[in-house]
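Asker: Pasting the sequence and the predicted coordinates here, then a few questions.
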Amino acid sequence: MEHQRQITSAIENGYDFQASKYISAGFDIFKNNAGGFIGYTFIFMIATMIINSIPFLGYLINIVVSPALMVGFAIAAHKQINNNDLEFGNFFKGFDHITQLLIANIIMTLIYIIVSLPIIFKLGISIVVALASGDQSELFEIFDDMTGLGVWFGLTMILFLYVMISMRWTNFLIVFHQYDAITAIKTSWQLTNKQWFSHFIFILLVGLVILGGIILLIVGVVLAYPIVMAADYAGYADVTRLNDNSDVLDEIGQNSEFLV
């Protein structure tokens with residue numbers, strides 16, 4: 001199908017990725033339905049805080065719920081652009097794809113754990129042994145040795161950033177192009193690595209937007225976060241030419257057979 005060819009073309013031939021353009025587009029999307037985006041952001045933030053307050057179980061619930069909630073911003077933006085549909089229920093359409101979103105995010109979580117294993121193993125084993133022995137001097141030595149892990153920690157964070165950016169369009173590919181979890185992760189990796197540094201610049205810019213929102217406290221975050229999420233959708237839609245074809249997934253949010 002045409003939209004699949006566009007993704008293949010972007011992977012094979014590359015594409016332009018204009019970070020500032022997408023942030024501007026995100027603001028335009030937001031202002032055309034400011035009430036809906038602000039209301040949903042409040043719900044998203046409250047739900048996230050409640051879930052994260054639950055010891056241990058909250059983390060597991062978050063893996064299930066968070067991807068569907070986050071992709072809701074993009075689904076609402078897509079409906080708004082293509083059908084002028086401002087229905088508030090569109091924000092919750094991510095739950096129609098919860099199975100593949102869950103599988104994908106479990107896989108991605110495992111990838112992050114694997115990336116962290118060297119640091120986890122080094123610190124974890126040492127601290128457990130020291131605590132078991134009750135030797136306070138050994139504990140102090142471990143904390144002193146942590147300064148020597150600075151280089152390893154920095155390298156791990158760089159690898160984390162690389163992996164995060166490489167996989168960041170996985171959920172979009174599941175929702176907008178009906179890819180299965182594994183294919184979505186693989187395709188996101190291929191797409192973003194064609195212009196990885198440009199994606200990195202985008203992350204830096206939206207990070208500054210979020211930081212500005214934090215400085216303005218709750219009101220600022222509620223305004224900044226949906227703009228950033230809409231901007232990310234705008235970038236994805238531009239690269240994949242999602243909105244160029246009338247036959248591209250007119251019924252976002254409804255399960256259908258996978259296209260890949």
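Answerer: Happy to help now that I have it. Numbers count the residues shown, from 1 in each chain.
Asker: alpha carbons only for contacts and neighbour counts from here, please
Answerer: Will do.
Asker: What is the helix or strand hosting Ser20 packed up against?
Answerer: Using DSSP states H and E, Ser20 maps to helix 19-31. Counting contacts by 3 or more C-alpha pairs under 8 Å, 6 or more residues apart in numbering; DSSP states H and E, helix 19-31 is packed against helix 57-83, helix 196-215, helix 217-240.
Asker: Could you provide the ones you listed in JSON lines, with additional columns for distance to Gln178?
Answerer: JSON lines is the format used below for those (distance: least, C-alpha to C-alpha, whole Å):
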{"stretch": "helix 57-83", "distance to Gln178": "13"}
{"stretch": "helix 196-215", "distance to Gln178": "23"}
{"stretch": "helix 217-240", "distance to Gln178": "13"}
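Asker: what pLDDT does Asp250 get?
Answerer: You'll see Asp250 listed with a pLDDT of 49.
Asker: Just send the helices and strands packed on helix 19-31 back as JSON lines, with distance to Gln6 and mean pLDDT too.
Answerer: Formatted as JSON lines, these follow (distance: least, C-alpha to C-alpha, whole Å; pLDDT from 0 to 100):
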{"stretch": "helix 57-83", "distance to Gln6": "18", "mean pLDDT": "92"}
{"stretch": "helix 196-215", "distance to Gln6": "18", "mean pLDDT": "88"}
{"stretch": "helix 217-240", "distance to Gln6": "6", "mean pLDDT": "90"}
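Asker: Quick check: which of those helices is buried the most?
Answerer: helix 217-240 (a mean of 22; mean count of other C-alpha atoms under 10 Å).
Asker: how much does it deviate in direction from helix 19-31?
Answerer: Between helix 217-240 and helix 19-31, the angle comes out at 120 degrees (axes from the mean of the first three to the mean of the last three C-alpha atoms, to 10 degrees).
Asker: From the contact counts, what lies against helix 217-240?
Answerer: Using 3+ C-alpha pairs under 8 Å, 6+ apart, the elements in contact with helix 217-240 are helix 2-13, helix 19-31, helix 34-52, helix 57-83, helix 196-215.
Asker: could you give the angle of it to helix 196-215?
Answerer: 160 degrees.
Asker: Relative to the whole chain's centre, how far out is helix 217-240?
Answerer: Helix 217-240 has its C-alpha centroid displaced from the chain centroid by 11 Å (C-alpha atoms, centre = their mean, to the nearest Å).
Asker: Stretch 187-194 too?
Answerer: Offset of stretch 187-194 from its chain centre (C-alpha atoms, centre = their mean): 14 Å.
Asker: in the helix holding Ser20, what counts as buried?
Answerer: By 16 or more other C-alpha atoms under 10 Å, the buried positions in helix 19-31 come out as Ala19, Tyr22, Ile23, Ser24, Ala25, Gly26, Phe27, Ile29, Phe30.
Asker: contacting residues around it?
Answerer: For helix 19-31, contacts defined as C-alpha atoms under 8 Å, 6 or more residues apart in numbering pick out 37, 77, 80-81, 198-199, 201-202, 205-206, 226-235.
Asker: Could you rerun that using 7 Å?
Answerer: The contact list for helix 19-31, computed with C-alpha atoms under 7 Å, 6 or more residues apart in numbering, reads Phe37, Ala77, Phe202, Pro226, Ile227, Val228, Ala230, Ala231, Ala234, Gly235.
Asker: export those to CSV and tack on distance to Ile214?
Answerer: Converted to CSV, these look like this (distance: C-alpha to C-alpha, whole Å):
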residue, distance to Ile214
Phe37, 17
Ala77, 23
Phe202, 18
Pro226, 13
Ile227, 14
Val228, 13
Ala230, 18
Ala231, 18
Ala234, 23
Gly235, 24
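Asker: ok, which pair from the residues you listed is furthest apart?
Answerer: Comparing all pairs in these by C-alpha to C-alpha, the longest separation belongs to Phe37 and Phe202, at 21.0 Å.
Asker: ok so, going back, kindly reformat the helices and strands packed on helix 217-240 as JSON lines containing distance to Phe172.
Answerer: As requested, those are exported to JSON lines (distance: least, C-alpha to C-alpha, whole Å):
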{"stretch": "helix 2-13", "distance to Phe172": "12"}
{"stretch": "helix 19-31", "distance to Phe172": "16"}
{"stretch": "helix 34-52", "distance to Phe172": "18"}
{"stretch": "helix 57-83", "distance to Phe172": "7"}
{"stretch": "helix 196-215", "distance to Phe172": "15"}
